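*Asks:* below is the sequence, then the predicted model.
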Amino acid sequence: MRSTRAVGVVTIAVALVALLVIAGSVVSFRVSTLAGAFATFVSYASVTKQHAANADLDVLAKDVEHLDDLAHDMLNAATDPVISAASGAPFIGDYLAATRTLAAATVQISTAARPLAELLPELDTASVSSGGHYNVDALRRLDTRLTDLNSAIGVASTQIDSVDTTGLDSRVVSAIDSLTSALGGVQQFISSSQPLLAMLPILLGTDGTWFVGLQNLAEARGTGGLLGAFSVLSTKGGTVTQTASGSDLDLIPVPISTAGLSSDYLDIWGDQLTEWRSLNSSADFPDTGRMVSNVWKTKTGTELDGVVSFGQGTVPYLLAATGPIDVDGTTVDASNVIQFLTLDVYAKYPDFTDKNAIVGHLVQQIFARLQSGQFDFQSLFAGGSFGATHDRVQLWSPHAEVESEITAAGLDGALSSAYGPDVYVALNNSAGSKIDQFIDVAVDYELGTCNPTDEWSEEREAKVTVTVTNNAPTSGLPEYVDIRADREETGAPYVRGSNADVISVYGPVGSYENETTLDGETIGGYVGDENDRPLYAVNVDLDPGQSSTLVIDWNEPTIGDDITDVLSAQPSVQFAPSIRPWSATTPAAPVCPAS
């Protein structure tokens with residue numbers, strides 16, 4: 001009996017071992033299949049990267065489709081039932097789980113990118129622009145596809161960041177790092193170039209007259225920078241004709257009409273609206289657009305159908321598409337134009353009238369090429385990203401339908417009058433210098449205690465801390481860059497590289513001030529309401545290496561217009577366009593309960 005029982009135990013044991021061997025072989029095969037799919041995808045992605053660098057759009061379109069197929073193969077292998085069961089096993093389980101997350105993230109991206117396969121072949125110069133006639137529908141589709149792709153990359157990046165790489169094979173960690181780096185590069189390119197690509201179908205698809213102004217972000221203003229060189233474009237049926245160009249010197253003598261501006265706006269900014277150089281002190285671009293339109297009508301008698309502005313950070317993308325431009329013997333291209341417009345032009349042309357003429361010529365030549373169809377999207381994509389700035393394109397139109405399209409594209413630059421925990425921060429240069437290219441701004445916006453006064457107050461405490469730092473060098477700058485026109489008027493001495501700015505902080509709609517301090521001393525900061533937002537404007541004067549810290553404590557609403565409209569959004573900070581990428585921290589906060 002014992003012998004029979006022993007034989008049975010041995011038989012069962014042998015059977016279990018056999019099953020484990022077979023199961024191990026199946027798992028091993030599935031893992032091998034997954035590893036092969038992963039390796040194939042990584043290898044082909046490297047080939048695609050090279051095709052993208054060469055701007056071979058026909059080949060790249062096929063690559064996008066094939067990568068999507070490979071990504072789905074990888075996801076199918078990673079979600080195989082055997083692999084899923086093995087994901088809890090020691091040693092190999094972490095690898096399988098990480099690979100499954102990577103596969104899911106990759107499919108997220110490839111699915112969003114696949115529609116580009118149809119569109120990419122249309123983006124060669126011949127089909128997008130033929131003799132200066134642009135395919136506006138193709139440009140609109142490109143903008144939509146890139147928006148979808150950027151959103152997918154954001155979701156995928158969050159998935160990839162969640163992978164715990166502790167103890168993983170170095171090859172997997174390397175693949176994760178490579179993918180993260182590549183996604184960051186693609187996101188930066190899309191984020192930097194998409195406003196330009198979103199602007200083009202609006203501009204080219206709206207028949208009318210557009211004023212396009214270059215903002216000098218080195219001399220800060222509420223909407224970004226001093227409005228300098230400009231071009232006026234006439235658009236019709238996908239074609240564009242440049243009808244005028246010039247610099248701010250052509251517009252300074254023209255009186256500014258305040259027609260269409262609110263009384264609140266005029267109470268704050270009215271005494272500054274004496275000439276062109278101060279008309280965009282407010283952070284609200286629609287009001288700036290109205291005044292630009294008023295000035296142009298006063299000067300020419302012509303009504304504008306739209307206003308566009310951008311700064312030095314956008315010009316590299318224009319030049320990537322138009323190609324280099326010779327400016328008085330200097331070749332200006334996508335790689336050097338920011339340096340040229342912020343420093344080199346001042347060194348080479350110390351007389352500001354000569355400098356303005358040179359910058360005006362550059363802008364005129366860019367749009368002359370757009371007019372003639374010399375706008376190569378292949379070169380734009382091949383150029384990639386040209387460094388991190390906080391520049392952006394802003395548009396305004398007096399026509400409701402066009403303005404609606406501008407708003408939908410996120411290009412309106414409007415100071416929102418909606419309730420919510422959001423803050424706008426801008427600078428206005430008061431020194432007459434070009435030092436704002438060296439100014440760093442860091443903002444911390446923290447939501448505090450709910451209903452601090454009583455349980456029925458429907459508000460919460462909040463605090464915004466704005467630190468402004470002057471990183472300008474103390475020597476070596478062209479004289480016109482670190483001039484202190486404000487000091488020279490009075491004869492007061494100043495340090496080379498110093499600067500004066502007015503910090504503008506727009507609080508949330510319905511908020512009110514408790515206390516404002518500058519470098520620890522209590523001051524008065526509130527100057528009035530604009531678009532239902534309290535505006536705090538504070539002067540700072542900084543030598544190179546110095547910082548100043550502005551702290552504003554306020555109470556802000558926790559509900560909107562309707563008592564049932566509980567504000568659940570997390571805090572956000574929006575900046576005026578700038579050359580340097582300013583930073584913000586917005587710690588998450590619990591939603592205040594309705595009383």
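*Replies:* The structure has been received and is ready for your questions. Numbers count the residues shown, from 1 in each chain.
*Asks:* can you pull out the helices in the stretch 151-300 of the chain?
*Replies:* For the stretch 151-300 of the chain, the helices defined by DSSP state H, counting those that start in this stretch cover 170-205, 263-269, 285-300.
*Asks:* repeat that for the stretch 451-595 of the chain.
*Replies:* Under DSSP H, counting those that start in this stretch, the stretch 451-595 of the chain gives helices at 485-488.
*Asks:* thinking again about what came up before, mean pLDDT and distance to F340 for the helices of the stretch 151-300 of the chain - can I get that in JSON lines?
*Replies:* Bear in mind the C-beta positions are built from the backbone N, C-alpha and C, glycine included. Formatted as JSON lines, the helices of the stretch 151-300 of the chain follow (pLDDT from 0 to 100; distance: least, CB to CB, whole Å):
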{"stretch": "helix 170-205", "mean pLDDT": "78", "distance to F340": "18"}
{"stretch": "helix 263-269", "mean pLDDT": "93", "distance to F340": "32"}
{"stretch": "helix 285-300", "mean pLDDT": "96", "distance to F340": "25"}
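*Asks:* among those helices, which is nearest V155?
*Replies:* helix 170-205 (10.8 Å; CB to CB).
*Asks:* how far does that closest one sit from its chain's centre?
*Replies:* Centroid separation for helix 170-205 versus its chain: 11 Å, with CA atoms, centre = their mean, to the nearest Å.
*Asks:* again with stretch 216-227
*Replies:* On CA atoms, centre = their mean, the centre of stretch 216-227 falls 17 Å from the chain's centre.
*Asks:* if we can go back for a sec, between the helices of the stretch 151-300 of the chain, which gets nearest to E489?
*Replies:* Comparing the helices of the stretch 151-300 of the chain under CB to CB, the one sitting nearest is helix 263-269, at 21.5 Å.
*Asks:* next, count neighbours for A537.
*Replies:* Taking other CB atoms under 10 Å as the criterion, the count of residues near A537 is 17.
*Asks:* can you check N539 too?
*Replies:* Residues contacting N539 under the criterion other CB under 10 Å number 13.
*Asks:* which residues touch it?
*Replies:* Residues near N539 by CB atoms under 8 Å, 6 or more residues apart in numbering: 430, 500-503.
*Asks:* could you give the bridge partners of it?
*Replies:* Per DSSP bridges, residues listed as beta-bridge partners of N539: V502.
*Asks:* which residue, neighbours along the chain excluded, lies closest to the most centrally placed residue in the chain?
*Replies:* Among the residues of the chain, the one closest to the centroid is S191, at 4.9 Å (CA atoms, centre = their mean). Leaving out its chain neighbours, the residue that sits closest to S191 by CB to CB, 6 or more residues apart in numbering is N150, at 7.0 Å.
*Asks:* cool, F375 as well?
*Replies:* Nearest to F375 is A321, by CB to CB, 6+ apart, at 4.7 Å.
*Asks:* elements contacting the helix or strand hosting the one you found?
*Replies:* Using DSSP states H and E, A321 sits within helix 315-322. When contacts are defined as 3 or more CB pairs under 8 Å, 6 or more residues apart in numbering; DSSP states H and E, helix 315-322 sits against helix 170-205, helix 337-339, helix 352-372, helix 377-383.
*Asks:* what angle separates it from helix 170-205?
*Replies:* 80 degrees (axes from the mean of the first three to the mean of the last three CA atoms, to 10 degrees).
*Asks:* buried residues in helix 315-322, which are they?
*Replies:* Residues of helix 315-322 classed as buried by neighbour count (16 or more other CB atoms under 10 Å): 315-322.
*Asks:* mind checking how far T585 is from D412?
*Replies:* 26 Å (CB to CB, to the nearest Å).
*Asks:* hmm, T79 is touching R100, no?
*Replies:* Yes - using CB atoms under 8 Å, T79 is in contact with R100, at 6.5 Å.
*Asks:* these two: which has the busier surroundings?
*Replies:* R100 (21 against 13).
*Asks:* OK, contacts around the nearest residue to that one once chain neighbours are set aside?
*Replies:* Closest residue in space to R100, ignoring its immediate chain neighbours: A78 at 4.1 Å, by CB to CB, 6+ apart. Shown in contact with A78 (CB under 8 Å, 6+ apart): 34, 37, 96, 99-100, 102-104.
*Asks:* sort out which of these are in helices and list them.
*Replies:* 34, 37, 96, 99-100, 102-104 (DSSP state H).
*Asks:* can you put the helices and strands packed on helix 315-322 in CSV and add distance to E405?
*Replies:* Below are the helices and strands packed on helix 315-322 laid out as CSV (distance: least, CB to CB, whole Å):
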stretch, distance to E405
helix 170-205, 6
helix 337-339, 29
helix 352-372, 20
helix 377-383, 21
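*Asks:* do you know which of those lies nearest V402?
*Replies:* Nearest of these to V402, taken as CB to CB: helix 170-205 at 7.0 Å.
*Asks:* now that closest one against helix 352-372, angle please.
*Replies:* Using the same axes, to 10 degrees, helix 170-205 lies at 90 degrees relative to helix 352-372.
*Asks:* so for helix 170-205, what gets flagged as buried?
*Replies:* Neighbour count says helix 170-205 has 172, 175-176, 179-180, 183, 186-187, 189-190, 192-205 buried, by 16+ other CB under 10 Å.
*Asks:* now swap in stretch 579-595 and tell me
*Replies:* Neighbour-count burial for stretch 579-595 [16+ other CB under 10 Å]: 579-580, 582, 584, 586, 589, 592.
*Asks:* which of the residues you listed lies closest to Q159?
*Replies:* Using CB to CB, the buried residues of stretch 579-595 come closest to Q159 at T586, 22.1 Å.
*Asks:* look up how far D422 lies from the closest one.
*Replies:* 9 Å.
*Asks:* name the residues contacting each of these two.
*Replies:* With contacts taken as CB under 8 Å, 6+ apart, the residues that reach both T586 and D422 are 571-573.
*Asks:* do you know the pLDDT at the closest residue to V566 other than its chain neighbours?
*Replies:* What sits nearest to V566 in space, not counting adjacent residues and going by CB to CB, 6+ apart, is A594, at 5.0 Å. pLDDT, A594: 71.
*Asks:* for V17, same thing?
*Replies:* 35.
*Asks:* where does the stretch 301-450 of the chain dip in pLDDT?
*Replies:* In the predicted model, the stretch 301-450 of the chain carries pLDDT under 70 at residues 383-385.
*Asks:* could you report the neighbour count for E446?
*Replies:* If you count neighbours by other CB under 10 Å, E446 ends up with 14.
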